[in-house]
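**Q** Need a 3D model of the following:
(one chain, ligands or ions: 1)
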Amino acid sequence: MVLIENVEKAQEALRGHLRVCDSAVAFTGAGLSTECGIPDFRSADSAWRRHPPIPFKDFVDDPDARALAWRRKFAMDDLTAGAQPGRGHRALTRLMEDGIVRSIVTQNIDGLHQAAGAPADRIVELHGNGGYATCLSCGCRHELKDVRPRFEASGAAPECACGGAVKSATVAFGQKMPQEALRRARAASLDCDLFLAIGTSLVVYPAAAFPVLAKENGAALVIVNGEATPLDQTADLVLRGDIGAILAPFALHAEK
Ligand code: NAD
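**A** Below you'll find the predicted structure:
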């Protein structure tokens, strides 16, 4: 493993990997979006620590927990309203346009890859999307602009016309992962020769298994993150520093 902490040297090393690869996958986490004003999960001062997410079982079993989950969801939405893609999102979109990054597998639920112009069909959302809700019984989609006023007027957790509980379309702790997203993430990990893990603490499983899968299948593994991760020793290259600063030039010129 090579560790680089100098920004210019990190960019040079990353450029070297991008130049020789045929097909890269970007695997992104909450650290990509912190510069956009969306707190990550594990940093010490994170809003998520003060208001931990409600486990899925509690959401299903307990109407009060459901209502609390919705209150926290809307409070977090207010905190992050108007967030725009950052330098990392723009760099990855540019690398996709240049045919270098083939797909983005993200743990993020903020929709900022799509907002940065990455094609939706090449984004795999492992943990869902916080921009809408679904019924846990019939699966139908509910828009937040309809759910919120009803919730705020009644204080009761929203229900679908079928009687099912309506939940943000994200994957809660203890909730089954979306099988099609897992399948696509696995296929992408096995079909790349460069795997870029960016802005993730790499401790959430099964998501964090994909970098290992790609590496064991022969891909080079590059980790870009502000702090050490459990997979640093497995990686070929670890670029430690601010993601936006490291990726900024790739948004401008992503030459091969
Ligand atoms: P995490 O919070 O566990 O790890 C984020 C990592 O990014 C940390 O190691 C942190 O040091 C690093 N980081 C933060 N800002 C950085 C910066 N500017 N430059 C360099 N490094 C930076 O995030 P995770 O691994 O993605 O797991 C969190 C889980 O919570 C995910 O499952 C995700 O679904 C959810 N989540 C999503 C969002 C989002 O959609 N933006 C935000 C918070 C949590």
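**Q** how does this protein divide up, domain by domain?
**A** Domain segmentation of the chain under automatic domain parsing yields 1-38+84-127+177-256, 42-82+128-170.
**Q** Over to the residue of the stretch 101-250 of the chain found nearest the ligand: give its phi and psi.
**A** In the stretch 101-250 of the chain, no residue comes nearer to the ligand than residue 226, which is 2.9 Å away by CB to the nearest ligand atom. Backbone N, C-alpha and C define where each C-beta goes, glycine included. Listed backbone geometry of residue 226 is phi -80, psi -20, with angles given as degrees, to the nearest 10.
**Q** and it, how many neighbours?
**A** Counted with other CB atoms under 10 Å, residues neighbouring residue 226 total 17.
**Q** who's in contact with it?
**A** Applying CB atoms under 8 Å, 6 or more residues apart in numbering to residue 226 gives the contacts 31, 240, 241, 242, 243.
**Q** Residue 233 now?
**A** residue 1.
**Q** repeat for the one 5 residues further on
**A** With contacts taken as CB under 8 Å, 6+ apart, residue 238 has the following neighbours: 1, 2, 3, 4, 222, 223, 225, 232.
**Q** follow-up on the earlier one: need the domains of the chain in CSV with mean pLDDT, can you?
**A** Output for the domains of the chain, formatted as CSV (pLDDT from 0 to 100):
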stretch, mean pLDDT
domain 1-38+84-127+177-256, 95
domain 42-82+128-170, 93
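**Q** out of those, deepest packed?
**A** domain 1-38+84-127+177-256 (a mean of 19; mean count of other CB atoms under 10 Å).
**Q** thinking again about what came up before, how about the contacts of residue 238, which pair is most distant?
**A** 2 and 225 (14.5 Å; CB to CB).
**Q** Any chance of the contacts of residue 238 in a markdown table with secondary structure as columns?
**A** Converted to a markdown table, those look like this (DSSP: H, G, I helix; E, B strand; the rest coil):
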| residue | secondary structure |
| --- | --- |
| 1 | coil |
| 2 | strand |
| 3 | strand |
| 4 | strand |
| 222 | strand |
| 223 | strand |
| 225 | strand |
| 232 | coil |
